[in-house]
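Just to be clear, the model below is a prediction. Sequence and coordinates:
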Amino acid sequence: MSTVIGIDLGTTNSCVSVMEGDAPVVITNSEGYRTTPSIVAFKKDGTVEVGSAAKRQAALHPDRTCLSIKREMGNDCRKKIDGRIYSPQEVSAYILRKLKKEAQDYLGKKITDAVITVPAYFSDAQRQATKDAGRIAGLNVLRIINEPTAAALAYGLDNDEPQKIIVYDLGGGTFDVSLIEIGDGVIEVLATSGDNHLGGDDFDARISERIAEEIKVRYGVNIKKDEAAMYRVREEAERVKKELSSAMATNVHLPFIAKNKEGAVSLEMTITKDEFDRLTADLVERTVEPVENAIADAHVAKSEISKVLLVGGSTRIPAVRERVTRLLGKEPSGSLNPDECVALGAAVQGSKLGGELEVGSPADNILLMDVTPLSLSIETVGGIASRLIERNTTIPTRHSRIFTTASNFQTSVDVRVFQGERRFTRDNKLIGNFKLSGIKRAFAGVPQIEVTFDIDANGIVNVSAKDLGTGNEHSITITSSSNLSEEEIQRAIWKANVYEEEDGERFCLADEKRKAAQIVKKAESKLSEHRKDWDKTIKKEVKDEIAKMKRLLLKLRFTKNEEAADTVRHSEKNLKALLDNFEKMHSGHR
């Protein structure tokens with residue numbers, strides 16, 4: 001029986017959880033935090049850093065750092081660094097590998113299986129890309145589940161009385177809302193809606209724009225094309241947003257943020273909660289329509305909703321909570337941690353799929369029924385989107401419909417598959433296409449072609465077309481043309497495996513450099529502390545050892561091998577022993 005971890009792969013932060021007994025727990029990372037920044041940094045020495053370490057590098061090297069990569073999943077965005085091109089899936093795989101390692105270190109065993117969450121309004125291409133990222137990271141992705149549904153799972157463990165709840169999920173880069181019914185051990189998603197380009201990043205951007213404009217007005221400097229300066233501005237904007245969740249005003253402090261003819265300029269300004277609310281009012285308002293749509297699609301009255309759950313860090317913004325209260329007529333519940341509940345729910349589902357739960361336990365008794373977020377159709381004559389599956393259909397599901405040819409003696413048809421709610425295919429998203437050949441020659445309207453859509457529990461679509469006259473059939477699993485091919489996925493998996501050992505060695509070298517730098521700093525501090533009571537010979541010996549260590553550290557930047565690291569370790573021990581010896585000598589003379 002394998003252990004299955006639950007992963008919330010977030011835009012801003014990610015979280016990993018595992019089931020312990022009857023309850024899911026969040027795994028604290030190696031830095032001591034319960035969430036990990038979804039940031040990947042590619043260093044000049046070839047090492048790749050993820051999380052807090054990557055976040056620290058971002059201000060200095062924004063061109064070598066990937067942030068908010070989740071917003072690019074499923075499209076053809078690529079990042080080129082040192083001549084190598086990285087897809088969103090490969091960048092996301094670095095984040096997933098770190099979370100996987102944290103789980104392995106915590107559990108003390110190898111982990112291969114995972115449940116990964118995605119925004120409810122993610123398209124088929126985005127879901128497939130997320131699953132591919134998991135494969136590249138060496139994970140067997142048992143299930144892709146919607147984030148609001150995962151939150152409802154976490155909530156439903158202790159709240160299984162019959163009720164209808166609404167999950168309002170405003171994260172770093174996406175917004176989702178799901179109306180969910182809980183009762184008799186069943187968690188059923190009735191409807192879902194959302195906006196894949198609305199989240200905390202957009203709120204930060206409004207503050208960043210305000211700060212950049214203030215710098216331009218005061219000092220005549222346009223910093224928007226300075227990547228490093230704008231990263232500092234965005235960091236400050238995020239801090240301001242968080243401060244204003246509990247304060248009426250906060251100060252912006254950006255020393256030496258730019259240069260003009262007079263020299264370096266610094267910014268000091270105050271942003272009030274009222275100003276922040278004015279800057280972001282339209283963003284808050286954009287969440288209203290998806291909520292109304294989900295309620296309408298579920299055919300539920302607002303008065304029937306017994307609980308409102310807030311998920312995602314951006315729901316801490318007071319204006320968001322106030323708007324939700326006005327919209328739904330009730331105060332949101334504070335029973336869930338908005339940063340962790342999605343990962344906790346994923347762990348519950350993972351344990352159920354992995355067969356780890358005790359028979360009859362609360363989590364084992366829960367049955368999850370999710371929905372597909374967008375309608376699926378094929379293109380027919382005139383560019384009409386002929387729907388086979390309506391949005392908010394419970395999954396897994398399978399639907400078939402008979403079509404025919406448009407021209408006399410037509411021997412093949414192009415099956416073009418679209419996702420979206422518009423009546424014409426030009427207004428929807430093409431997610432795949434294929435050709436069915438070998439149709440028996442006949443007048444238009446005679447052949448019978450059965451098209452079948454099959455959506456699995458991950459929300460991933462399979463489409464087949466069959467000529468009922470000849471029995472000829474063709475089918476595909478839908479993948480976006482901008483996603484990775486199977487060959488590219490296998491190549492990325494192979495690279496990840498090949499470089500895993502090398503990455504481990506690089507990590508050890510980086511850790512060795514960090515420890516050596518710390519001992520150098522300590523030695524310099526001791527020199528300063530004992531500048532009056534150590535004699536010249538002692539001070540010269542310590543200074544020489546410090547200089548030697550600094551030369552070795554410089555060499556280690558260019559010589560990435562274990563032999564160089566051993567030399568640094570040896571020198572580090574010498575310097576440490578030297579300091580300890582002189583400290584004992586000094587304490588003996590007191």
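Right, received. Where do you want to start? Residues are numbered from 1 along each chain as shown.

what helices or strands is the strand ranked longest in the chain leaning on?
Scanning the chain for the longest strand, with DSSP state E as the assignment, gives strand 249-260. If you count contacts as 3 or more C-beta pairs under 8 Å, 6 or more residues apart in numbering; DSSP states H and E, strand 249-260 packs onto helix 200-219, helix 227-243, strand 263-272. Heads up, the C-betas are built off the backbone N, CA and C, glycines and all.

Could you export the ones you listed to TSV, including columns for mean neighbour count and distance to K526?
Listed next are the helices and strands packed on strand 249-260 as TSV, based on neighbours: other C-beta atoms under 10 Å; distance: least, C-beta to C-beta, whole Å:
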stretch	mean neighbour count	distance to K526
helix 200-219	19	42
helix 227-243	19	34
strand 263-272	13	35
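
picking that back up, and the longest strand of the chain, which residues are buried?
Buried residues in strand 249-260, defined by neighbour count with 16 or more other C-beta atoms under 10 Å: 250, 252, 254, 257-258.

out of the helices and strands packed on strand 249-260, which comes closest to E379?
Closest approach to E379 among these (C-beta to C-beta): helix 200-219, 33.1 Å.

And the closest one, what does it pack against?
Checking 3+ C-beta pairs under 8 Å, 6+ apart, helix 200-219 ends up next to helix 227-243, strand 249-260, strand 263-272, helix 273-285.

For Y86, list the residues it contacts.
66, 78-80 (C-beta atoms under 8 Å, 6 or more residues apart in numbering).

Neighbour count and pLDDT added to those, as a markdown table?
Below are the contacts of Y86 laid out as a markdown table (neighbours: other C-beta atoms under 10 Å; pLDDT from 0 to 100):
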| residue | neighbour count | pLDDT |
| --- | --- | --- |
| C66 | 24 | 91 |
| R78 | 13 | 86 |
| K79 | 19 | 86 |
| K80 | 9 | 86 |
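
Go through the residues you listed and flag which are in helices.
When DSSP state H is applied, the contacts of Y86 are split such that none fall in helices.

and which of those residues is nearest V520?
C66 (31.2 Å).

surely that closest one meets P37?
No: using C-beta atoms under 8 Å, C66 is not in contact with P37; the gap is 11.2 Å.

Which residues in the helix or strand harbouring A191 does the neighbour count mark as buried?
Under the criterion of DSSP states H and E, A191 resides in strand 186-195. If you call a residue buried by 16+ other C-beta under 10 Å, then strand 186-195 has these buried ones: 187-195.

Tell me who's in contact with D339.
Taking C-beta under 8 Å, 6+ apart as the test, what D339 contacts is 13, 15, 34-35, 312-313.

Wait, a helix at it?
No: assignment of D339 by DSSP: H, G, I helix; E, B strand; the rest coil gives coil, placing it outside any helix.

thinking again about what came up before, so of the contacts of Y86, which ones are in strands?
Using DSSP E, the members of these that fall within strands are 66, 79-80.

Tell me the predicted confidence for the nearest residue to R286 once chain neighbours are set aside.
Using C-beta to C-beta, 6 or more residues apart in numbering and skipping residues adjacent in sequence, the residue nearest R286 is L198, 5.6 Å away. L198 carries a pLDDT value of 93.

before we move on, back to that, V413: which of the ones in strands among the contacts of Y86 is nearest?
Set against V413, the nearest of the ones in strands among the contacts of Y86 by C-beta to C-beta is K79 (38.8 Å).

which residues touch the closest one?
66, 85-86, 91.

Max pairwise distance over these: which two?
C66 and I85 (12.4 Å).

So what pairs up with T192 in the strands?
Applying DSSP bridges to T192 gives these bridge partners: S178.

just I271 next, same as before
In this structure, I271 bridges to T250 when assessed by DSSP bridges.

show me the contacts for it.
Residues in contact with I271 (C-beta under 8 Å, 6+ apart) are 207, 210, 240, 244, 249-250, 252.
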